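Novice: pasting a predicted model and its sequence here:
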Amino acid sequence: MEAQPRRPLLEREFAQTLVKRALFRANEGAGITILIAGEAGVGKTSLLHWLDEAFRKEFHIVWGNCEALHAARPLG
């Protein structure tokens, strides 16, 4: 059963539906990759926070991120 997130997203029903479908298909065993792109401030991270908040009790959701796009001084 889907929990209600703390912060509702406005005008994001289409994106929410897509990521929700992908989550349930992945749970059924389908290999799923979702690419979320957009300009800064458009709500990419907010969409992922919504997904985490809405489904954290049903699914094990793991967060990750990319390394900084520069070489560390010892390696530079």
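Specialist: Yep, it's here. Numbers count the residues shown, from 1 in each chain.

Novice: count of residues packed around the closest residue to Gly38 other than its chain neighbours?
Specialist: Of all residues not flanking Gly38 in the chain, Lys44 sits nearest, at 5.5 Å (C-beta to C-beta, 6 or more residues apart in numbering). C-beta coordinates here come from the backbone N, C-alpha and C atoms, glycine included. By other C-beta atoms under 10 Å, 14 other residues sit near Lys44.

Novice: where's Lys44 relative to Val19, distance?
Specialist: Distance, Lys44 to Val19, using C-beta to C-beta, to the nearest Å: 11 Å.

Novice: mutual contacts of these two, please.
Specialist: Ile36 (C-beta atoms under 8 Å, 6 or more residues apart in numbering).

Novice: in this protein, which helix has the most residues?
Specialist: In the chain, with assignment by DSSP state H, the single longest helix is helix 13-27.

Novice: now that one: buried residues?
Specialist: Counting neighbours by 16 or more other C-beta atoms under 10 Å, one finds that the buried residues in helix 13-27 are Ala15, Val19, Leu23.

Novice: follow-up on the earlier one: which residues are in contact with the residue nearest to Gly38?
Specialist: With C-beta under 8 Å, 6+ apart, Lys44 has these contacts: Ile36, Ala37, Gly38.

Novice: just give me the residue right at the centre of this protein.
Specialist: Leu48 (3.0 Å; C-alpha atoms, centre = their mean).

Novice: dihedrals phi and psi, that one?
Specialist: phi -70, psi -40 (degrees, to the nearest 10).

Novice: contacting residues around the residue lying closest to it once chain neighbours are set aside?
Specialist: Nearest residue to Leu48 in three dimensions, chain neighbours excluded: Ile36, at 7.2 Å (C-beta to C-beta, 6+ apart). The neighbours of Ile36, taking C-beta under 8 Å, 6+ apart as the test, are Val19, Lys44, Leu47, Leu48.

Novice: repeat that with 10 Å
Specialist: By C-beta atoms under 10 Å, 6 or more residues apart in numbering, the contact set of Ile36 is Ala15, Leu18, Val19, Val42, Gly43, Lys44, Thr45, Leu47, Leu48.

Novice: before we move on, what about Phe59?
Specialist: For Phe59, the contacting residues are Leu23, Phe24, Ala26, Asn27, Leu51, Asp52, by C-beta under 10 Å, 6+ apart.
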